[in-house]
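Participant: need a structure here:
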Amino acid sequence: MRRLVALALVSSFILPLALPADAQPLPRVSPAERKARMYNRQIQEDQEQLKLEGRIQRENESIRQSIERQQMFSTPPYVPVPPVGRNR
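Facilitator: Presented below is the predicted three-dimensional model:
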């Protein structure tokens, strides 16, 4: 009986010190994991940059084609031609 009382007494002091699982600090990230995350982040940034550059290039090409179409199908500006045969 004394052992049970002693065990209960000891556990009443130890149990409050134990942190719940969600309150325990996470383990440190290893250098290899940190490096892998850095590489993955860099790859994602590079992919986003490539997407942006591709979109800009497509927009520029579309604008260039639009300008070329306008120039091809527009009527040339009126340029007055001086009359022939008149001497002043």
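
Participant: next, Val29: secondary structure please.
Facilitator: Here Val29 is coil, with the state taken from DSSP: H, G, I helix; E, B strand; the rest coil.

Participant: Pro31 versus the nearest residue to it once chain neighbours are set aside, what's the distance?
Facilitator: Of all residues not flanking Val29 in the chain, Arg37 sits nearest, at 7.7 Å (Cβ to Cβ, 6 or more residues apart in numbering). (Each C-beta comes from the backbone N, C-alpha and C, glycine too.) Remark: distance between Arg37 and Pro31 (Cβ to Cβ, to the nearest Å) = 11 Å.

Participant: so for the two, which sits in the more crowded spot?
Facilitator: Arg37 (11 against 8; other Cβ atoms under 10 Å).

Participant: pLDDT score assigned to that one?
Facilitator: Confidence at Arg37, expressed as pLDDT, is 96.

Participant: what about the helices in the protein?
Facilitator: For the chain, the helices defined by DSSP state H cover 2-14, 31-73.

Participant: distance from stretch 64-73 to the middle of the chain?
Facilitator: Between the centre of stretch 64-73 and the centre of its chain there are 34 Å (Cα atoms, centre = their mean, to the nearest Å).

Participant: so what touches that stretch?
Facilitator: Stretch 64-73 has contacts (Cβ atoms under 8 Å, 6 or more residues apart in numbering) with no other residue.

Participant: ok so, going back, format the helices of the chain as a markdown table; extra columns: distance to Val79.
Facilitator: Formatted as a markdown table, these follow (distance: least, Cβ to Cβ, whole Å):
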| stretch | distance to Val79 |
| --- | --- |
| helix 2-14 | 100 |
| helix 31-73 | 16 |
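
Participant: and the ones you listed, which one is worst for confidence?
Facilitator: Comparing mean pLDDT across those, the lowest value falls on helix 2-14: a mean of 73.

Participant: circling back to that earlier point, which among the helices of the chain is found nearest to Val84?
Facilitator: helix 31-73 (29.5 Å; Cβ to Cβ).

Participant: hang on, the earlier thing: mind checking how far the residue nearest to Val29 is from Pro27?
Facilitator: Applying Cβ to Cβ, the value for Arg37 to Pro27 is 15 Å.

Participant: could you do Arg58 as well?
Facilitator: Separation of Arg58 from Pro27 (Cβ to Cβ) stands at 46 Å.
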